[in-house]
Each structure stands twice: as structure tokens, then as C-alpha cells.
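Enquirer: What would the 3D arrangement of this be:
(chains A, B, C and D)
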Number of protein chains: 2
Amino acid sequence: MDTRERLIESTRELLWERGYVGTSPRAIQQRAGVGQGSMYHHFTGKPDLALAAVRRTAEDMRAKAEGELSGPGTAYERIEAYLLRERAVLRGCPVGRLTQDPDVITDAVLRQPLEETFDWLRRRLGRVLAEGRERGELASDLDPVATAAAIVATLQGGYVLARAAASVEPFEDAVKGVLGLLAARVTS
Amino acid sequence: MDTRERLIESTRELLWERGYVGTSPRAIQQRAGVGQGSMYHHFTGKPDLALAAVRRTAEDMRAKAEGELSGPGTAYERIEAYLLRERAVLRGCPVGRLTQDPDVITDAVLRQPLEETFDWLRRRLGRVLAEGRERGELASDLDPVATAAAIVATLQGGYVLARAAASVEPFEDAVKGVLGLLAARVTS
DNA sequence: GTCTATACAGGGATAGAC
DNA sequence: GTCTATCCCTGTATAGAC
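Expert: Numbers count the residues shown, from 1 in each chain, chains lettered A, B, ... in the order given. The predicted model follows:
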């Protein structure tokens, strides 16, 4: 892995662990094992490097979700596969956590990948739900847009509850809860 | 409002806006309109002051939720009242946002109020759901614990989605979605 | 109790040598 | 391209005057 690559990967890790405000150029350089000059040769500064890191993390997240949501099975089964995927729950969502960073959220360029990721995810889940409804798998009066938002929100909020409790239990309860509510809308 | 009180209130605002890592003693003192010495007279340092602020914010949140959840109406109506309460959605949850702060979450004392608040909230919602079920208002196979976690998570995740989108729409969709799923479990 | 002065590490970036 | 040296500002806290 070359220097530029190491800088991006180190930044991704630190943004996940400590957020944007909590991540210093020094810490990035040390983790990447490079000097001051290298970072400022490849990137104009902290925001520029963070942007490269955030874009890659956002792409990763979309790719993983697409894997589960485009898989085989009914709408319910695909959503179940997505929600029950193995996750590092206590570390939180590397995209969602950045929404709490004032310097990210007030910067239109840095915020854009976050917006695109969650927009995409809600739409993708909405399509799965709409398909399930059309195929007669799900109740005909189920609202795909609102339900998709609720599912994504449950995941993001599950991370919040887990971190508050220092335990994965509330996350797992929340996922179980929303899956239970959705299961009741599966036509039998 | 005396000096000590102004310091706590200024800290609450800044923790909400910028989080723990993003909030400096200087900024607190300036917002409170006091000098360096005053802050270190009343509090031992930033963590001590933050603890006082966080505890008060957590109490506030519980008190508001109790107002809606102990009100009149069916279980569904009380949960609806809680979820549809007017909120400063784009500012996020003043308690939930602290779960993203590494210096808060790794400090057992600072984390405790967060854990207690969400524990209490899940239990309180769980009791409302269990009561509704006993009274025959809700489906008998509804899981109160898991459903309560899903409802709290939807709220917390709704804030995340709204901040990513710089719009209240995903929050409102998520709330609508979970209420729609819950409504389908109301016995008719 | 509250203020100003001071201290020192770290954040964030630039300059210039190699 | 990468390194070290340097710069200025802020974060966090202490000291001591009033």
C-alpha cells in the first residue's frame, strides 16, 4: 500500500473511532507512519483528506447493503438478511457517526456523501418493499417509503442505544422489534 | 441566574451543538460571560462541568417523555403522542449525540447518565406496550421489550437521517413508518 | 468568588532541505 | 515525494492578585 493509500485508510479508521473534530492531522500521520510533509503533498489539508476517506467509507457501505438486498428470497428475507448481518455494533456506523460532527454537517461537500448514502439506502429498501407488495408478499397498505425510513432509522438508532449501554443487547432488541412488526405484515 | 448556573446551561448548549470533544472550556466561559477563574472555582475541570450538564439534560429528557407516556389514551395513542411531539429535529438528540463522543463513552461516569436514560425510556415504553397488550388493545403476540427498543431506535436513527439529509423529511418518514407498523398490531 | 496572567501541549499548516 | 523545522493559535489548567 503506498503512502497516499495509507493516509486514506488511517483517516477512515480515525474518523470511525474519534470523528472529524477528534481526529488530528498528527494522529493520522502517526498511524499511517508518514511525516508531516507527505500528507500535505497528497492532500491540501484535513478536510480534503477526510473527504477522500468519507467517500470511500460511503461506497463500502452501499456495496455491502446492495449485496444483501439484491440477493435471493422474499422481500422480508432480504431485509432480514440485511438487518441480521454481522456488525461491529459497539463501534457504531462509520457513516452515521459523522452526522454528529458539526464541522462535517455544516460543510456541504463533506456532508454530501452522507446524504447520498442514506438516500440511496432508503430508496433501495423502499424498492424491495414495493416489490414485495406487488408480488403479494406484503400487505397492500404497507407504505414502502415510510417503512424503509423506519428500518434504516432502527439500525442507526440501534447503534446509539448500544453505545449508551456499552452492550449489543439494545441493538439486537431493536432489530428484533422492527422485524417482528414487519413480519406481521407478511401475507400468510 | 448565578454564575454556576450559567456555566451549566452554557455547557448544555455547547454539548448539544458541538459534542464533548468539540466543546472547549474557553467557549463555555465566553458563552456564560465569566472568566477563567470562575469556572475552575465551581468545577474541577471540563469533565466535572460536563457531568453536571449531562445529568441535567438527561433528567429533562426523562421528564418530557414521562409527560406523554403517562398521559390519557390507549397505548397506541400515548406512543403516538410521544413520537409526534414537536422536536428540533435537525439539532439532534442532546443525549443521543453524546454516544458518538469517544471521551464520553469511554468514561464510565460520563456514560452512566446516557445508559440510565435510554434504559429507563425502553422500560417505560415497554410497560406502555405491555399494558396495551393486557388490555386487549394490542396483538397478544407483540413483544413489548423488542418493540420498545425499536421505537426508541427509530427516533434516534431518525435524527441521524435528518442531519445527513439536512432535512426533517426522513425523520418524519421514519416516525410515520414505525407508527404504521404498530397501528397494524392494534386490535380492531 | 472572580479576575488576569501565565504555562505548556497539541492542532493545523507552511518552508525549505534532501 | 518525503522529511524535519518552524509557526501561530487554541485547549486546558494553574497561580496569584483583588
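
Enquirer: can you give me the helices for chain A?
Expert: Taking DSSP state H as the test, the helices found in chain A are A:3-18, A:25-32, A:36-42, A:46-69, A:75-84, A:102-105, A:108-134, A:144-165, A:169-183.

Enquirer: Can you add mean pLDDT, distance to DNA strand D and mean neighbour count and give the ones you listed back as CSV?
Expert: Where you see a C-beta, it was placed from the backbone N, CA and C, and this is true even at glycine. Shown next, in CSV, are the helices of chain A (pLDDT from 0 to 100; distance: least, CB to the nearest atom of the strand, whole Å; neighbours: other CB atoms under 10 Å in any protein chain shown):
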stretch, mean pLDDT, distance to DNA strand D, mean neighbour count
helix A:3-18, 98, 4, 19
helix A:25-32, 98, 8, 17
helix A:36-42, 97, 2, 15
helix A:46-69, 98, 13, 17
helix A:75-84, 98, 37, 19
helix A:102-105, 98, 12, 19
helix A:108-134, 98, 19, 19
helix A:144-165, 99, 20, 28
helix A:169-183, 99, 29, 22
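
Enquirer: what's the closest of those helices to B:Met39?
Expert: helix A:102-105 (22.0 Å; CB to CB).

Enquirer: That closest one - contacts with which helices or strands?
Expert: Judged by 3 or more CB pairs under 8 Å, 6 or more residues apart in numbering or on different chains; DSSP states H and E, helix A:102-105 is in contact with helix A:108-134.

Enquirer: Is the helix it packs on in proximity to chain B?
Expert: Yes. Helix A:108-134 lies within reach of chain B by CB under 8 Å from any CB of the partner chain, at A:Arg111, A:Leu114, A:Glu115, A:Thr117, A:Phe118, A:Asp119, A:Arg122.

Enquirer: a markdown table for those, including distance to A:Thr44?
Expert: Shown next, in a markdown table, are those (distance: CB to CB, whole Å):
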| residue | distance to A:Thr44 |
| --- | --- |
| A:Arg111 | 18 |
| A:Leu114 | 21 |
| A:Glu115 | 23 |
| A:Thr117 | 24 |
| A:Phe118 | 27 |
| A:Asp119 | 27 |
| A:Arg122 | 33 |
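
Enquirer: Those: which two are farthest apart?
Expert: Largest separation among the residues of helix A:108-134 next to chain B by CB to CB: A:Arg111 and A:Arg122, giving 16.3 Å.

Enquirer: The closest residue to A:Gln29 other than its chain neighbours: what's it in contact with?
Expert: Closest residue to A:Gln29 apart from its sequence neighbours, by CB to CB, 6 or more residues apart in numbering or on different chains: A:Met39 at 5.5 Å. Contacts for A:Met39 were tallied using CB atoms under 8 Å, 6 or more residues apart in numbering or on different chains; they are A:Leu7, A:Pro25, A:Ile28, A:Gln29, A:Ala32, A:Leu49.

Enquirer: what pLDDT does the spatially closest residue to the last one that is not a sequence neighbour get?
Expert: Computed as CB to CB, 6+ apart, the closest residue to A:Leu49 that is not its neighbour in sequence is A:Phe43, at 4.2 Å. What the model reports as pLDDT for A:Phe43 is 98.

Enquirer: which one of the helices of chain A lies closest to B:Arg85?
Expert: B:Arg85 lies closest to helix A:144-165 among the helices of chain A, at 16.4 Å (CB to CB).

Enquirer: so who does A:Leu161 touch?
Expert: Here A:Leu161 is in contact with A:Pro170, A:Phe171, A:Ala174, B:Phe118, B:Arg122, B:Ala149, B:Val152, B:Ala153, B:Gln156 (criterion: CB under 8 Å, 6+ apart).

Enquirer: Check the gap between it and DNA strand C for me.
Expert: 29 Å (CB to the nearest atom of the strand, to the nearest Å).

Enquirer: Could you do A:Pro94 as well?
Expert: For A:Pro94, the distance to DNA strand C (CB to the nearest atom of the strand) stands at 19 Å.

Enquirer: Who are the contact partners of the closest residue to that residue other than its chain neighbours?
Expert: The shortest distance from A:Pro94 to any non-neighbouring residue, by CB to CB, 6+ apart, is to A:Trp16 (4.3 Å). Residues near A:Trp16 by CB under 8 Å, 6+ apart: A:Thr57, A:Arg91, A:Gly92, A:Pro94, A:Arg97.

Enquirer: which residues sit in contact with the third one?
Expert: By CB under 8 Å, 6+ apart, the residues touching A:Gly92 are A:Trp16, A:Tyr159, A:Val160, A:Ala162, A:Arg163, B:Thr99, B:Gln100.

Enquirer: 7 Å instead, please
Expert: A:Gly92 makes contacts with A:Tyr159, A:Arg163, B:Gln100, as judged by CB atoms under 7 Å, 6 or more residues apart in numbering or on different chains.

Enquirer: and it, backbone torsions?
Expert: phi 80, psi -180 (degrees, to the nearest 10).

Enquirer: go on, the fourth one?
Expert: Comment: the main-chain dihedrals of A:Pro94 come out as phi -70, psi -20, following degrees, to the nearest 10.

Enquirer: Can you name the residues of chain A that neighbour DNA strand C?
Expert: Contact residues, chain A versus DNA strand C (CB under 7 Å from any atom of the strand): A:21, A:23-27, A:36-37, A:40, A:44-47.

Enquirer: Need these in JSON lines (columns: distance to A:Gly180).
Expert: Shown next, in JSON lines, are the residues of chain A next to DNA strand C (distance: CB to CB, whole Å):
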{"residue": "A:Val21", "distance to A:Gly180": "38"}
{"residue": "A:Thr23", "distance to A:Gly180": "38"}
{"residue": "A:Ser24", "distance to A:Gly180": "44"}
{"residue": "A:Pro25", "distance to A:Gly180": "46"}
{"residue": "A:Arg26", "distance to A:Gly180": "47"}
{"residue": "A:Ala27", "distance to A:Gly180": "42"}
{"residue": "A:Gln36", "distance to A:Gly180": "53"}
{"residue": "A:Gly37", "distance to A:Gly180": "56"}
{"residue": "A:Tyr40", "distance to A:Gly180": "52"}
{"residue": "A:Thr44", "distance to A:Gly180": "49"}
{"residue": "A:Gly45", "distance to A:Gly180": "48"}
{"residue": "A:Lys46", "distance to A:Gly180": "44"}
{"residue": "A:Pro47", "distance to A:Gly180": "43"}
